[in-house]
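1. any chance you can model this:
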Amino acid sequence: MTVGSYATEFRYQVEANDAENTVIGFEGSGIYDVAMGRGSMQYRFDHHSSESDGVISMEAVHDGETILISPDISLSLMDQPLDLRLWIPIPIDDGFSLDLGLNLLKPAVDLEQPFTQVRQHDPTRTLTVLYGVTDDAEVVDRARIKGVKTTHYRATTSLDEALDNWEGTSEDRSVFELTTKGIEDEFGVTSYPVDIWLSDDGLPMRISYRIASPEPGGPIVTFTQDMFDFGKPVNVEVPEPSGSFGEAVADAFQEIMGINSAAAGVDITTSTGPLQR
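-> Modelled structure (predicted):
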């Protein structure tokens, strides 16, 4: 909050350790102004298994209580490419239901999941796990992060203690509670080790954690986020919204092709190629 802004890079990955060897990743990079709640991010969601593979990329502009998302996709109708540049507004609201027009698409990954991840993601929220650190942190070593000298600390964070010691906003607390419930349901744990690298000025340069199910062969989640270029100006242009995904696709088809888009066979592709089941 003191420095006001920063750049960031992160990677969140889930290894399901299931019969299909499913690995799901969510990563991003960009800039963010904490005080204004405004930033520009590039996100990438990937899903790999023995049965299917898929990648969805998207650009996002965070603007207070709304996130505008532009998926990096193209649609094909009757083998004719149709490129769309959409800015889909997604309010930060736990009760929000996303209209993706999924009846038009045949994706390899559940498109609701990456959009939901982006909707809940404020890059600063990852630091809220530190509210649960109640014991003294162990000094591990010294390291350079993005050329900055840091001290590497390790501690244990308790999800229950984090809620008891909460000092953030009510919106962030709601997201944290949802995340906490997911961790408890999927992993059966309420605490886990967390590492943080602090600059000599006390700024968080990197935060990292790994959560593993106590059950043999259970899921494993890993997360690492770097923060750097603190205090630099963040100039983000907020685009005009295009409406919902389903509305934008239907309008484009009706305008260009003059047909009922819901009756057409549509495939979704990304820069990495078609996503097919």
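
2. C-terminal to the longest helix seen in the chain, what's the next element?
-> Counting by DSSP state H, the longest helix found in the chain is helix 170-187. Proceeding N to C from helix 170-187, the next assigned helix or strand is strand 191-199, under DSSP states H and E.

3. strand partners (parallel or antiparallel) of that next one?
-> When pairing is defined by DSSP bridges, strand 191-199 lines up against strand 148-158 (antiparallel), strand 204-212 (antiparallel).

4. now do the same contact list for F176.
-> By C-beta atoms under 8 Å, 6 or more residues apart in numbering, the contact set of F176 is R125, T128, A162, L163, W166, G168. Glycine gets a C-beta too; all of them are placed from N, C-alpha and C.

5. follow-up on the earlier one: any idea of the mean pLDDT in the longest helix of the chain?
-> Per-residue pLDDT over helix 170-187 has a mean of 82.

6. got the CA positions of it in PDB?
-> Below are the C-alpha coordinates for helix 170-187, written out as PDB (Å, rounded to 0.1, in the frame of the first residue of the first chain):
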ATOM      1  CA  SER A 170     -14.300  -7.800   3.500                       C
ATOM      2  CA  GLU A 171     -14.200  -8.600  -0.200                       C
ATOM      3  CA  ASP A 172     -10.700 -10.200   0.200                       C
ATOM      4  CA  ARG A 173     -11.900 -12.100   3.200                       C
ATOM      5  CA  SER A 174     -14.800 -13.600   1.200                       C
ATOM      6  CA  VAL A 175     -12.400 -14.800  -1.500                       C
ATOM      7  CA  PHE A 176     -10.000 -16.200   1.200                       C
ATOM      8  CA  GLU A 177     -12.900 -18.100   2.900                       C
ATOM      9  CA  LEU A 178     -13.800 -19.700  -0.400                       C
ATOM     10  CA  THR A 179     -10.200 -20.600  -1.100                       C
ATOM     11  CA  THR A 180      -9.900 -22.000   2.500                       C
ATOM     12  CA  LYS A 181     -12.900 -24.200   2.000                       C
ATOM     13  CA  GLY A 182     -11.500 -25.500  -1.200                       C
ATOM     14  CA  ILE A 183      -8.200 -26.300   0.400                       C
ATOM     15  CA  GLU A 184      -9.800 -28.100   3.300                       C
ATOM     16  CA  ASP A 185     -12.200 -30.000   1.000                       C
ATOM     17  CA  GLU A 186      -9.600 -31.100  -1.500                       C
ATOM     18  CA  PHE A 187      -6.500 -31.600   0.700                       C
END
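
7. buried ones in that helix, by neighbour count?
-> By neighbour count with 16 or more other C-beta atoms under 10 Å, helix 170-187 contains the buried residues D172, R173, V175, F176, T180, I183, F187.
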